[in-house]
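Novice: Sequence below, structure please.
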Amino acid sequence: MEEKNRVVRMETSKGTMKLELYATRAPKTVERFMTAVNAGKYDGLKFHRIIKDFMVQGGDPQSNGMGGGSVKFEGSDVKHIPGVISMAAQQAHVDQSDMQFFIMTSTSDQLDGNYTAFGHVTKGMEVLGAIAATPVAQAPWGECSRPVEDVCIVKASEILD
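Specialist: Presented below is the predicted three-dimensional model:
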């Protein structure tokens, strides 16, 4: 019997998105993400990195995929197109973060097969666009990606049918 995809309602300070997660394509990643969602670990966290015409990144920035809580790289056959959700990692093919994810705002073929894409936005692409349109400033590491205003995940919760 094929496992059913999981669904998350993500309320943000810019509106609400609905996410569908691919339980059979990236089972460990989906399970880890859902454990954090159901424990309320994303509630109150920020989208702390926004790169224009690329992606928005949220979750716990202290969770970098190095050490105790990281998840082994699963890969996936999902293309990194607008609305696709993927797990952050220090670099391609390494252990991924246990709490940081990013949502694509454009297509990026170079990420395909290198980062674990595990779901997509099914409702609220306009919310993703509003998050992506948040003005940014230079981050301490030199990248112009730090939002100048807080964009928060108010609450993430699983939708059960």
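Novice: what sits against Gly129?
Specialist: By Cβ atoms under 8 Å, 6 or more residues apart in numbering, Gly129 lies in contact with Thr105. From N, CA and C alone the C-beta is placed, and that goes for glycine too.
Novice: Quick check: it is in a strand.
Specialist: No. Checked against DSSP: H, G, I helix; E, B strand; the rest coil, Gly129 lies outside a strand; its state is helix.
Novice: What residues sit buried inside the lengthiest helix in the chain?
Specialist: Criterion DSSP state H: the longest helix present in the chain is helix 27-38. Neighbour-count burial for helix 27-38, counted by 16 or more other Cβ atoms under 10 Å, picks out Thr29, Val30, Arg32, Phe33, Met34, Ala36, Val37.
Novice: Quick check: next helix or strand after it?
Specialist: Per DSSP states H and E, the first helix or strand lying C-terminal to helix 27-38 is strand 47-51.
Novice: list the helices and strands that next one packs on?
Specialist: Applying 3 or more Cβ pairs under 8 Å, 6 or more residues apart in numbering; DSSP states H and E, one finds that strand 47-51 contacts strand 55-58, helix 125-132, strand 144-147.
Novice: The first one: how far from the chain's middle?
Specialist: Strand 55-58 has its average C-alpha position 6 Å from the chain's average C-alpha position, going by Cα atoms, centre = their mean, to the nearest Å.
Novice: Output the below-cut-off pLDDT ranges for the chain.
Specialist: Scanning the chain with the threshold set as pLDDT under 70 gives 1-3, 63-73, 75, 90-98.
Novice: Many thanks, we can stop here.
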